[in-house]
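Visitor: Provided below are the primary sequence and the corresponding predicted coordinates.
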Amino acid sequence: MTKYLHQLSAFLFFAIGITFFTAYFLLKNQMMMIPSAWWMQRADLPFAFVTIMYGGLSLFRSLNPNEKPAKALALAITIPLIIFFLFLVVLNFWEVLGLPKGETMI
């Protein structure tokens, strides 16, 4: 099961990563600016999720090469990654959640 999820997350990581690179390239060269900016704003969390899933599965598979059941290892990897993803969600929706803003630096 982990092999299939690892392959799926690898495919999605590279597919979404290529679209992010393309959108950034187009945005930087002032071509198709509105669709590029829209894509980079909307797909950041799915890309972060796929990246975390790919990284977590890669780490799990490298530490458990025999594919034996290892619930403690899975929890030790999964819990910090879930906390990190929730942190990214909070940062992404900081203003929507009505959290306090800091003073401007400039």
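Guide: Received the coordinates, thanks. In this text the structure is predicted, and so the values were computed from the model without any measurement. Numbers count the residues shown, from 1 in each chain.

Visitor: show the subsequent helix or strand relative to the helix or strand of the chain with the lowest mean pLDDT.
Guide: Sorted by mean pLDDT, DSSP states H and E, the helices and strands of the chain end with helix 33-42, the least confident at a mean of 92. The helix or strand immediately downstream of helix 33-42 is helix 44-63, counting by DSSP states H and E.

Visitor: now the least confident helix or strand of the chain against helix 44-63, angle please.
Guide: With axes from the mean of the first three to the mean of the last three Cα atoms, to 10 degrees as the basis, helix 33-42 and helix 44-63 are set at 50 degrees to each other.

Visitor: in helix 33-42, what's buried?
Guide: Neighbour-count burial for helix 33-42, with 16 or more other Cβ atoms under 10 Å as criterion, is recorded at 36, 39, 40. For the C-beta atoms, the positions are set from N, CA and C on the backbone; glycine is no exception.

Visitor: what's the closest of those to residue 105?
Guide: Each of these was checked against residue 105 using Cβ to Cβ; the closest is residue 40, at 23.4 Å.

Visitor: what does the least confident helix or strand of the chain rub up against?
Guide: 19, 20, 23, 24, 26, 27 (Cβ atoms under 8 Å, 6 or more residues apart in numbering).

Visitor: who wins on neighbours among those residues?
Guide: residue 23 (20 neighbours; other Cβ atoms under 10 Å).

Visitor: separation between the closest residue to that residue other than its chain neighbours and residue 51?
Guide: Leaving out its chain neighbours, the residue that sits closest to residue 23 by Cβ to Cβ, 6 or more residues apart in numbering is residue 36, at 4.2 Å. Note on residue 36: its distance to residue 51, by Cβ to Cβ, to the nearest Å, is 20 Å.
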